[in-house]
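# sequence first, predicted model second:
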Amino acid sequence: MTALNRFPSLMARAGTASALTLAAVGGTIVAPGIASEAEASTVTASTKALKIAASKKGSPYRWGATGPRRFDCSGLTLYSFKQAGKKLPRTAAQQYNKTRHVSAKQRQPGDLVFFHSGRSVYHVGIYAGKGRIWHAPKSGDVVRLQKIWTKNVWYGRVR
């Protein structure tokens with residue numbers, strides 16, 4: 001598929017001379033800020049999931065709950081991404097195994113943050129930016145925004 005076929009609206013805005021130059025050069029358009037279709041839909045779903053999690057602020061924690069009024073940690077992430085059109089497995093460990101792992105430097109708002117001890121994942125939240133997550137912490141607590149309190153975390157991007 002040529003660059004012209006993949007970005008028809010871009011070509012319409014760029015004009016005939018630019019389109020002909022791209023056609024002569026061939027290959028792929030490389031421009032900052034233009035993501036592939038798959039990346040763009042993931043970013044949109046992640047952004048939606050983050051907003052949905054934030055909208056659940058104050059909802060009580062309940063072990064095994066997946067919403068819409070009560071949540072455990074992985075229940076909140078499952079619910080938020082489901083509402084955003086993405087399917088996740090039930091537990092934090094299963095969710096970690098289904099995400100594309102990214103480094104702390106690559107993390108973006110909407111990525112999942114997995115808390116671990118050794119190789120075992122025991123908690124998950126949704127990265128909100130600035131070192132904070134939305135999560136359902138523990139029994140007796142509520143869904144809230146909190147600073148990441150440990151360096152023992154891994155990051156995963158929902159595909």
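Structure's in. What do you need?
# list the contacts of H135.
Contact partners of H135, counting by C-beta atoms under 8 Å, 6 or more residues apart in numbering, are 73, 76, 113, 123-126, 143-144, 146. Every residue, glycine included, has its C-beta placed from N, CA and C.
# is it in a bridge, and if so with what?
Judged by DSSP bridges, the bridge partners of H135 are R144.
# for it, give its distance to V143.
Taking C-beta to C-beta, to the nearest Å as the measure, H135 falls 7 Å from V143.
# which parts of this protein are strands?
Remark: strands assigned in the chain by DSSP state E are 100-102, 112-117, 120-129, 132-135, 144-147, 153-157.
# and the first one, what does it pack against?
For strand 100-102, the elements it packs on are strand 153-157, judged by 3 or more C-beta pairs under 8 Å, 6 or more residues apart in numbering; DSSP states H and E.
# got any residues that touch both of H135 and V143?
By C-beta under 8 Å, 6+ apart, the residues touching both H135 and V143 are L76.
# if we can go back for a sec, could you pick out the buried ones from the contacts of H135?
73, 76, 113, 123-126, 143-144 (16 or more other C-beta atoms under 10 Å).
# report how many residues lie close to S103.
Using other C-beta atoms under 10 Å, the number of residues around S103 comes to 8.
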